[in-house]
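Colleague: Show me the folded form of this:
(one chain, ligands or ions: 1)
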Amino acid sequence: MTDLKPKTTAGAVDGPDVKHMKWWGWGVEGTAFHHEDKPAFAPFVKKMVGVDLGSDAITAAPAFDELDIPASRLSSEVASSLSLVVGEGNVVTGDLERVVHTYGKSIRDLIRIRGNIFPRVPDAVVYPATESEVAKIVAAAVEYDLVLIPFGGGSNIVGSLEPMPDEERMVVSLDMGRLDRVLDIDEDGRVARIQAGAQGPDIEEQLNAKGWTMGHFPDSFTHSTLGGWVATRSSGMQSDKFGDIADMTKGLRMVRPDGVVVIRAVPSASTGPSLREMILGSEGRLGVITEVTVQVHRIPEQREILAYLFPTWEAGLAAMQAIAESDANPSVTRVSNEIETEMSFATSKESKGVSALVMQGLQRFLKVKGWDLTKMCLSFIGYEGSEEHVSINQKLVAKIVKKHGGIGVGKGPGVLYDQKKFDTPYLRDFFLDHGGAADVSETSAPWSKLLPLYTEVYAAANRAFEKVGVQGLIMAHLSHSYHSGACLYFTFAFEHGDNALEQYDVVKKAIQDAFIQEGGTVSHHHGVGLEHAPWLGQDVSLPGLALMQGLLDSADPKRNFNPGKVTGK
Ligand SMILES: Cc1cc2nc3c(=O)[nH]c(=O)nc-3n(C[C@H](O)[C@H](O)[C@H](O)COP(=O)(O)OP(=O)(O)OC[C@H]3O[C@@H](n4cnc5c(N)ncnc54)[C@H](O)[C@@H]3O)c2cc1C
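Modeller: Residues are numbered from 1 along each chain as shown. Reported below is the predicted structural model:
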């Protein structure tokens, strides 16, 4: 459990036993990134962005009692009404709880938290335990004209949670964390009914205990919820095999003021415009998702992630496309560009003894083959299923890798990648401590457009770095492959000045503009929130945006449900 004890919160009330991340950053207290055993990391960061990790932290998070948190505006009438529904201990107005529920975890959010920027904070956090309690809170939201913001794990990075700064009405954050159970597994239909507030580890523990897995593993897995995944159209790293959350979601229940929308879990339906699809990605604007029926799979007999190296980024991309076109069916296809590859090696522990010799031998071998090692790209490909399936697929992929000039480097790096995959987010807070800002932007585009898009994103980001006067780093990987194209995931970083938010906005805008200009989408899996809303009209067309706004306006005429998100209105 995260240590959520505030330093000073006059009038704070302890909430129920629901897991939250630390108020100022990613993950749990007491866990942090460090680089003492990674000798190549500090020199890499110094070379790429000029930040000196050897110096003491310069922008550590403030003490909680230094924050200026607007007082709760919850009226005693509304407090009593909500307490009647969920019990007094589950209506929390303490400052710490309200701050934890204000933002997600984007770099904008982290900078604002460290900068003591809290224009509007929820006035209360309410913890329902059942769907009928959710229904009564939804009714209260309409009756008292409250703003209700469903809260999952608070991990989104697009501004999907923050109350609008000029919101005059009372704002209630509806924390779904007590609805965290797998309710039922239909072994014939291979679907499970799961409560929306269940976090990734809750889900997998309960399913694994019965021999099943959902197979949804976003990088934020440890701190995000099923309801949040559905409400943002999330995608996990094994989507090549299991699909995105939109594919996995077969049915759901969503509470609205006029009752519960029930999407039954049938294999496929021809029942007019898809309500299921309308609710996917709705970011709390159409109602509160209480339960989702997802497809599940037997825990595979065998699971392996193998590492490969390609001589260039172009070769790596071409190999991923060829794998997508082939009969192979891997669970993960991922290839990093040369800078991200260098970063991966820089964040590895120093090789010693036999592994150092192997590494040196490999480098000599690749040089003899004519590789320029500064252009080399690291790839991970995952395999899951029966022993036979894994073996056949590894053979199919090996042929494709060879054809594209790559080589296999075995299981070792894949095992490490698999073990460390959920630790990377801690790096951002550490970097921020040292005056560096880092964030991500992701898109998807058809195979034929990926390389031109990649080239333009690089050029646009570098122009933006120059404009704001920083030495910036941008790196990329292909993270999810589809029949028709793939997701490209960019990470950018720079040493920020006093105007970090303005600098960030310039770089982020340059990248998002390039996505749209080059035929990509505004977001492959992070959703829209407030952050991506300015590009939505260009992405879905203006008539498309008007249609979406029409749906939101008619579904929520008084704008009680997370107003402002997705469409910006
Ligand atoms: C370090 C890091 C790594 C990430 N990696 C990935 C990744 O690999 N893949 C990926 O897809 N995303 C990733 N994300 C983004 C984020 O984890 C996802 O957007 C996730 O789906 C959010 O889930 P959550 O439970 O935290 O939702 P929250 O952040 O709490 O909420 C997000 C939105 O969903 C709404 N919502 C939440 N629950 C409900 C509900 N029950 N009913 C209705 N609306 C609801 C909220 O109102 C809000 O609008 C990452 C984020 C970070 C910080």
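
Colleague: Would you mind measuring from the residue located most distally from the centre of the chain to the ligand?
Modeller: Distance from the centre of the chain peaks at residue 368, with 40.6 Å (CA atoms, centre = their mean). When distance is defined by CB to the nearest ligand atom, to the nearest Å, residue 368 is 38 Å away from the ligand. (Glycine included, C-beta is placed from N, CA and C.)

Colleague: Now do the SS call for the residue lying closest to residue 567 once chain neighbours are set aside.
Modeller: Spatial nearest neighbour of residue 567, excluding adjacent residues (CB to CB, 6 or more residues apart in numbering): residue 549 at 5.0 Å. Counting by DSSP: H, G, I helix; E, B strand; the rest coil, the backbone at residue 549 sits in helix.

Colleague: now do residue 250
Modeller: Assigned state for residue 250: strand (three-state reduction, three-state DSSP).

Colleague: Could you report the neighbour count for it?
Modeller: 22 (other CB atoms under 10 Å).

Colleague: Could you do residue 544 as well?
Modeller: Counted with other CB under 10 Å, residue 544 comes out at 12.

Colleague: same question, residue 394
Modeller: 16.

Colleague: Surely it and residue 383 touch.
Modeller: Yes - with contact defined as CB atoms under 8 Å, residue 394 counts as touching residue 383 (5.9 Å).

Colleague: Report the set of residues contacting both of those two.
Modeller: 304, 306 (CB atoms under 8 Å, 6 or more residues apart in numbering).

Colleague: Next up, the contacts around the closest residue to the ligand within the stretch 51-200 of the chain.
Modeller: In the stretch 51-200 of the chain, the residue that lies nearest the ligand is residue 152 (2.4 Å; CB to the nearest ligand atom). Applying CB under 8 Å, 6+ apart, we find residue 152 in contact with 176, 196, 197, 224, 225, 226, 227, 228, 229, 231.

Colleague: Show the model's pLDDT score for the fourth one.
Modeller: In other words, residue 224. pLDDT recorded at residue 224 is 98.

Colleague: likewise residue 55?
Modeller: 77.

Colleague: how deep is it tucked in, by neighbour count?
Modeller: Neighbour number of residue 55 under other CB under 10 Å is 9.

Colleague: Which secondary structure state does it sit in?
Modeller: Secondary structure state of residue 55, per three-state DSSP, is coil.

Colleague: how about it, what does it touch?
Modeller: With contacts defined as CB under 8 Å, 6+ apart, residue 55 is in contact with residue 434.

Colleague: Not counting its neighbours along the chain, what's nearest the residue in the stretch 251-400 of the chain that the ligand sits nearest to?
Modeller: Here the residue of the stretch 251-400 of the chain nearest the ligand is residue 284; by CB to the nearest ligand atom that distance is 2.9 Å. Closest residue to residue 284 apart from its sequence neighbours, by CB to CB, 6+ apart: residue 562 at 3.7 Å.

Colleague: try residue 492
Modeller: Among residues not flanking residue 492 along the chain, residue 474 sits closest, at 4.6 Å (CB to CB, 6+ apart).

Colleague: And residue 186, by the same measure?
Modeller: Per CB to CB, 6+ apart, closest to residue 186 is residue 192, 7.3 Å.

Colleague: Surely the one you found and residue 184 touch.
Modeller: Yes - with contact defined as CB under 8 Å, residue 192 reaches residue 184; the gap is 6.8 Å.

Colleague: Give me the more crowded residue out of those two.
Modeller: residue 192 (25 against 11).

Colleague: Now do the helix or strand that contains that one: which elements does it pack against?
Modeller: Using DSSP states H and E, the element containing residue 192 is strand 191-195. Counting contacts by 3 or more CB pairs under 8 Å, 6 or more residues apart in numbering; DSSP states H and E, strand 191-195 is packed against strand 182-186, strand 249-256, strand 288-295.

Colleague: Could you figure out how far the helix or strand just after that strand is turned away from strand 191-195?
Modeller: Sequence-wise, the next helix or strand downstream of strand 191-195 (DSSP H and E) is helix 200-208. In terms of direction (axes from the mean of the first three to the mean of the last three CA atoms, to 10 degrees), helix 200-208 departs from strand 191-195 by 140 degrees.

Colleague: Which elements pack onto the following helix or strand past helix 200-208?
Modeller: Going down the chain from helix 200-208, the next helix or strand is strand 212-213, by DSSP H and E. If contacts are counted by 3+ CB pairs under 8 Å, 6+ apart, strand 212-213 sits against strand 297-298.

Colleague: which helices and strands sit right next to the strand it packs on?
Modeller: strand 212-213.

Colleague: give me that answer again for 10 Å
Modeller: Packing contacts for strand 297-298, counted by 3 or more CB pairs under 10 Å, 6 or more residues apart in numbering; DSSP states H and E, involve strand 212-213, strand 377-385.

Colleague: Can you say which of those strands is packed in most?
Modeller: Neighbour counts (mean count of other CB atoms under 10 Å) averaged over each of these peak at strand 377-385, with a mean of 25.

Colleague: any weak-confidence spans in the stretch 51-200 of the chain?
Modeller: Of all residues in the stretch 51-200 of the chain, none has pLDDT under 70.

Colleague: Serialize the contacts of residue 152 to JSON lines and add fields for neighbour count, distance to the ligand and secondary structure.
Modeller: Output for these, formatted as JSON lines (neighbours: other CB atoms under 10 Å; distance: CB to the nearest ligand atom, whole Å; DSSP: H, G, I helix; E, B strand; the rest coil):
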{"residue": "176", "neighbour count": "26", "distance to the ligand": "5", "secondary structure": "coil"}
{"residue": "196", "neighbour count": "26", "distance to the ligand": "4", "secondary structure": "coil"}
{"residue": "197", "neighbour count": "29", "distance to the ligand": "7", "secondary structure": "coil"}
{"residue": "224", "neighbour count": "24", "distance to the ligand": "4", "secondary structure": "coil"}
{"residue": "225", "neighbour count": "32", "distance to the ligand": "4", "secondary structure": "strand"}
{"residue": "226", "neighbour count": "33", "distance to the ligand": "8", "secondary structure": "helix"}
{"residue": "227", "neighbour count": "27", "distance to the ligand": "3", "secondary structure": "helix"}
{"residue": "228", "neighbour count": "31", "distance to the ligand": "2", "secondary structure": "helix"}
{"residue": "229", "neighbour count": "33", "distance to the ligand": "4", "secondary structure": "helix"}
{"residue": "231", "neighbour count": "29", "distance to the ligand": "3", "secondary structure": "helix"}
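
Colleague: How far does the longest helix along the chain sit from its chain's centre?
Modeller: For the chain, the helix with the greatest residue count under DSSP state H is helix 447-468. Centroid displacement of helix 447-468 relative to its chain, using CA atoms, centre = their mean, to the nearest Å, is 22 Å.

Colleague: how about it: buried residues?
Modeller: Counting neighbours by 16 or more other CB atoms under 10 Å, one finds that the buried residues in helix 447-468 are 447, 449-451, 453-454, 456-458, 460-461, 464-465, 468.

Colleague: And for stretch 350-366?
Modeller: residue 366.

Colleague: For the closest residue to the ligand within the stretch 401-550 of the chain, grab phi and psi.
Modeller: Evaluated by CB to the nearest ligand atom, the stretch 401-550 of the chain has residue 425 as its residue closest to the ligand, separated by 3.4 Å. Main-chain dihedrals, residue 425, degrees, to the nearest 10: phi -60, psi -30.

Colleague: any idea what sits nearest it, other than its immediate chain neighbours?
Modeller: residue 26 (4.4 Å).

Colleague: ok, back up a step: which residues does the residue of the stretch 401-550 of the chain closest to the ligand contact?
Modeller: Residues near residue 425 by CB atoms under 10 Å, 6 or more residues apart in numbering: 21, 25, 26, 27, 33, 105, 155, 157, 219, 220, 222, 223.
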